[in-house]
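**Q** When you get a sec, could you give me coordinates for this:
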Amino acid sequence: MAGFTRSLINTAGVRADWVDLRDQDYVPNLTVLRDTVSLNPNLLARDPATGLQVPIFGARNQGSSGRCVGFALANLIDIQRHLQHLRRTPSVSDLPEPDLSKVQEDIVSADMLYRMASFHDRYPELENGEVLAEEGILTLRSAIKGFYHHGVCRDWPFGEPAADDGRWQSECYAKDGPDKGRRFTTVNQAKKAREIGLGAYFRLASILNHFHAALNDAEAILTTANVHDGWLAATPDNNGLITWPPAQGKMGTHAFVITGYDENGFHVLNSWGPDWGGYQGQAGIALWPYADWAQNVVDSWVLRLGVFAPSAFGASVGEKGTKGDSGPIQSGSTPCFELVGHYMHLDDGYHVAAGSYPSFKDGWTRTRTYLSERLDPKAKPGNPDNRYRGVLLWIPGSLEGIKPAFADAVGRKNLIKDLGLYPYTVFWCNSFVEKSLEVLQSLFDSCEEQAGENAAHLDELIEDRVRGVGRAFWRDIELGARRALRGTEELPYEDFEAEYQTHIKTGFVGSLLMDLLDLKKQTGGELHIVAEGAGALVVHEILSLLEYDMRCFDPAMLTPGGLDRFDTLHLIHPAIGMPRAKKRLIPLIQNMNGPATGKRKRKSTSRSPVVQEYLTYETPPRARIYVPTPKLEERVNFGAYGKSILHLVSRAFEDRYPLPQDADDTSAPYLLRPRPFLGMSNVADDRASPVRGAVFQLNRIAAQKHDLDRVPQTALNDDPTITNSIFDSIRGFQKT
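**A** Residues are numbered from 1 along each chain as shown. Next up, the predicted model:
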């Protein structure tokens, strides 16, 4: 049997994983090690044609695709899955031999693992600066993180397309199959992928004893190594031996699985088909001498699969296998698959197509098609038959990073479904903020070092020090909101420019909004909007787009009531200045609720967190503004800054402005009055304010044990009291 050609080795392939001090290292236990370890014989079946033992899940052949990382991880997952199956079923000696073709129908998709890894690959360019033209994911870490966030669905290892649309057929089985060139999962593929997930992963040091111990514990190791011509000669004719030393030097770097060891070396399960290997009569498995391993091993990881527990979705405690897992559970990231089909992720108006939470142009299109068949205003709450009364569009605040915002969205997903509503979240600026807050934190730290902790003038020093960076930071957030609705032109249209435009480009959130309004009109379903913090800026832009749309196509609708397209509107600590809010948001709130009548309600004396209306009302308001009480607001601090983030934005980020009697004031901007915000506690102090009836006040948070306790901004944002109040109000609306 001839040797293999070097075209199998991708010279631009796998690189060493980058250093990440958060990695949890594998630590061997004190179990007595076996002299030899091999692939479990129950995972092998004899091939009558060759007489070799072939893995029951097949000997994959990646060809020259360069997808070795996906194929190696798929082999490891199949080993663990079938070991789980063997150990779940009592061993019976007289059972018939496994049906190889049937077992192969249960293998996982190597191509899906490869494609999901691409969202996490950190080496998009080669060292010479040229963009990587051929395929090849460059790190094992990329594949592991892709598997963690997306899971994996099953493959279809046959030439014809699979009848099950929940499978992802690898191109090695059908070159022109239905999944050719696919970058992301379909709805059914994503649902099926949840069934097979990652439980834990640990980085393995290149220490011989650690490798032996890991094979006794985990029975398989995911590995990359430098490979040479000796690998190409490992065939049954050569007894499956990887020749060492090689005749030539390094040809490239390759990913594979180690399945065992003996006194001569490690047993390697490769992805070059059943004609490779043949060590100890095992097709696809070869012997890797210890001397070769010591010279050429690059990176190695051990993994453990998670248990399929569909009822646990939304209860994840974060990434396993990282040091953060032993600290606060918020330190880990929530798997992406728990929200697939329920979110859009934008940054500066563009889809974020990389990282843990990728988003694509066709994502909402597929969700819209799914919803068009399932919206029914008569559907029962609780979603018993996978039908929905309407949609709840949630717009998180931009003043938190994508990881906590995503985790929050997963946590409320099932609660929203219990209302009979389809949850959909728009992350519109969270990735930018995640990096920008690090800059602000460094400025906070320098101020604290200068003035001292809790210094009387620390707040003023912080406001002065962050003013320049803060203005740029806030203007970029405002621009992000506008681009989400109005598109990604270099200079989005201002209001006055709209009069001279025959058409204004609609951004991705603008298209989403129009589709939701069309679905509402066609089905009679509900549409509820919740906006946190600076998400109020997005709602402002939504109203601006609707106003323009009506002015162009239906001028008769251009009245205060014409913008009332939503069943309920909830603004949580809205980070929008009052001058801007008075243009569209406040008129909409006034129209949705009617006149702000009623007496001021007596303050709650509850020691538990409650949300209380500011005025008594007979008809529950459909539009609501949630703010802290003045006493709670006084206790809020944003890091070293002794006030809330809204106060910092008002005093240092947002443009200040003179009061009416000071209209001609020419003082420096920072000497003018801070701009009042809609989300501040004094929003209802003006008796003439049209939004007094919309104000609901939070008296305290659950984590606050005493009235005088300081309340971190993050704790205020994470408190569930307001969210529960919103859900209660929606239930009340649905009963009317």
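**Q** pull the helix or strand with minimum mean pLDDT from this protein.
**A** The weakest-scoring helix or strand in the chain, judged by mean pLDDT, DSSP states H and E, is helix 100-104 (a mean of 71).
**Q** C-terminal to it, what's the next element?
**A** Sequence order places helix 110-117 as the next helix or strand after helix 100-104, per DSSP states H and E.
**Q** which residues are contacting that following helix?
**A** Residues from elsewhere that reach helix 110-117 (C-beta atoms under 8 Å, 6 or more residues apart in numbering): 60, 62, 67, 69-71, 73-74, 77, 137, 142-143, 145-147, 149-150, 152-153, 155, 168-172, 179, 182-185, 189, 193, 271. The C-beta positions use only the backbone N, C-alpha and C, and glycine is treated the same way.
**Q** redo that, cut-off 6 Å
**A** With contacts defined as C-beta atoms under 6 Å, 6 or more residues apart in numbering, helix 110-117 is touched by 67, 70-71, 73-74, 137, 142-143, 146-147, 150, 152, 168, 170, 183.
**Q** If any of these are buried, put those into a PyMOL selection.
**A** To isolate the buried ones among the contacts of helix 110-117 in PyMOL, judged by 16 or more other C-beta atoms under 10 Å, type:
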select buried, resi 67+70+71+73+74+137+142+143+146+147+150+152+168+170
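**Q** I'd say Leu646 and Phe677 touch.
**A** Yes: between Leu646 and Phe677 a contact is recorded at 5.1 Å, counting by C-beta atoms under 6 Å.
**Q** and those two? which has more neighbours close in?
**A** Higher neighbour count among Leu646 and Phe677: Leu646, with 29 against 24, using other C-beta atoms under 10 Å.
**Q** ok, now which ones touch the more buried one?
**A** 575, 677, 679-680.
**Q** got a pLDDT number for it?
**A** At Leu646, the pLDDT value in this model is 92.
**Q** In terms of secondary structure, what does the helix or strand containing Leu543 contact?
**A** For Leu543, the host element (DSSP H and E) is helix 535-553. Helix 535-553 is packed against helix 458-486, with contacts defined by 3 or more C-beta pairs under 6 Å, 6 or more residues apart in numbering; DSSP states H and E.
**Q** Can you list the buried residues in the helix it packs on?
**A** Neighbour-count burial for helix 458-486 [16+ other C-beta under 10 Å]: 458-459, 461-463, 465-466, 469-470, 473-474, 476-486.
**Q** What is the subsequent helix or strand relative to the helix holding Leu543?
**A** strand 568-572.
**Q** Paired strands for that next one, with orientation please.
**A** Applying DSSP bridges to the sheet, strand 568-572 is found paired with strand 526-532 (parallel), strand 623-628 (parallel).
**Q** what angle do that strand and helix 535-553 make?
**A** 140 degrees (axes from the mean of the first three to the mean of the last three C-alpha atoms, to 10 degrees).
**Q** can you pull the contacts of Leu678?
**A** Leu678 sits next to 574, 576, 581 when contact means C-beta under 6 Å, 6+ apart.
**Q** Tyr626 now?
**A** Neighbour list for Tyr626: 572, 696, 722 [criterion: C-beta under 6 Å, 6+ apart].
**Q** What's the local residue count around the closest residue to Cys336 other than its chain neighbours?
**A** For Cys336, ignoring the flanking residues on the chain, the nearest one in space by C-beta to C-beta, 6 or more residues apart in numbering is His149 at 3.8 Å. Neighbourhood size, His149 [other C-beta under 10 Å]: 24.
**Q** Equivalent analysis for Gln295, please.
**A** 14.
**Q** which one is it nearest to, not counting chain neighbours?
**A** Asn226 (8.0 Å).
**Q** hang on, the residue nearest to Cys336 in a strand?
**A** No: under the criterion used here (DSSP: H, G, I helix; E, B strand; the rest coil), His149 is helix, not part of a strand.
**Q** ok, now which ones touch it?
**A** 335-336, 356.
**Q** cool, Val695 as well?
**A** Contacts of Val695 by C-beta under 6 Å, 6+ apart are 614, 625, 683-684.
**Q** Can you say which of those are buried?
**A** Among these, those buried by neighbour count (16+ other C-beta under 10 Å) are 614, 625, 683-684.
**Q** Cross the residues you listed against strands and list the overlap.
**A** Ile625 (DSSP state E).
**Q** For His342, state which of the buried ones among the contacts of Val695 is nearest.
**A** Taking C-beta to C-beta as the measure, His342 lies nearest Ile625 of those, at 25.7 Å.
**Q** Which of the helices or strands spans Phe71?
**A** Using DSSP H and E, Phe71 sits in helix 68-88.
**Q** what does that helix contact?
**A** Helix 68-88 is contacted from outside by 42-43, 57, 60, 62, 107-108, 110, 113-114, 137, 143, 220, 222, 254-257, 269, 271, 305, using C-beta under 6 Å, 6+ apart.
**Q** Only the buried subset of those residues, as a ChimeraX command please.
**A** Per 16+ other C-beta under 10 Å, the buried members of the contacts of helix 68-88 correspond to this ChimeraX selection:
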select :43,57,60,62,107,108,110,113,114,137,143,220,222,254,255,256,257,269,271,305
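**Q** Let's see which of the contacts of helix 68-88 end up in helices.
**A** Among these, the members falling in helices (DSSP state H) are 110, 113-114, 143.
**Q** Among the contacts of Tyr626, which one has the most neighbours?
**A** For these, the largest number of neighbours (other C-beta under 10 Å) sits with Ile572, at 26 neighbours.
**Q** and which of the contacts of His149 is nearest Lys250?
**A** Scanning these for proximity to Lys250, where the rule is C-beta to C-beta, the winner is Ser356, at 32.7 Å.
**Q** how near is that closest one to Ser689?
**A** 42 Å (C-beta to C-beta, to the nearest Å).
**Q** okay, these two: which has more neighbours?
**A** Neighbour count, other C-beta under 10 Å: between Ser356 and Ser689, Ser356 has more, with 21 against 18.
**Q** Need the pLDDT of the residue lying closest to that one once chain neighbours are set aside.
**A** Closest residue in space to Ser356, ignoring its immediate chain neighbours: His149 at 5.3 Å, by C-beta to C-beta, 6+ apart. Model confidence at His149, given as pLDDT, is 93.
**Q** Now do the contacts for Ile221.
**A** 214, 258, 300, 302.
**Q** For it, list each beta-bridge partner.
**A** Ile258.
**Q** Tyr343 now?
**A** Here Tyr343, judged by DSSP bridges, has bridge partners Thr425.
**Q** Would you mind confirming that it is in contact with Val426?
**A** No: counting by C-beta under 6 Å, Tyr343 sits too far from Val426 to count as a contact (7.4 Å).
**Q** Now do the most centrally placed residue in the chain against Ala407, distance only.
**A** Geometric centre of the chain, nearest residue: Tyr357, 3.3 Å, by C-alpha atoms, centre = their mean. Tyr357 is 11 Å from Ala407, where distance means C-beta to C-beta.
**Q** Also His647?
**A** From His647 over to Ala407 the distance is 26 Å, taken as C-beta to C-beta.
**Q** and what of Trp168?
**A** As judged by C-beta to C-beta, Trp168 and Ala407 stand 27 Å apart.
**Q** quick one: the closest residue to Glu463 other than its chain neighbours and Gly468, what's the gap?
**A** Spatially, and ignoring its direct neighbours in sequence, Glu463 is nearest to Ala652 (4.3 Å; C-beta to C-beta, 6+ apart). Distance of Ala652 to Gly468, given as C-beta to C-beta: 9 Å.
**Q** Domain-wise, how is this structure divided?
**A** Following automatic domain parsing, the chain resolves into domains at 24-91+99-305, 339-735.
**Q** Dump the ones you listed to CSV, plus distance to Trp18.
**A** Supplementary listing: the domains of the chain in CSV, determined by distance: least, C-beta to C-beta, whole Å:
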stretch, distance to Trp18
domain 24-91+99-305, 6
domain 339-735, 15
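**Q** weakest of these by average pLDDT?
**A** Mean pLDDT per stretch puts domain 339-735 lowest among these, at a mean of 86.
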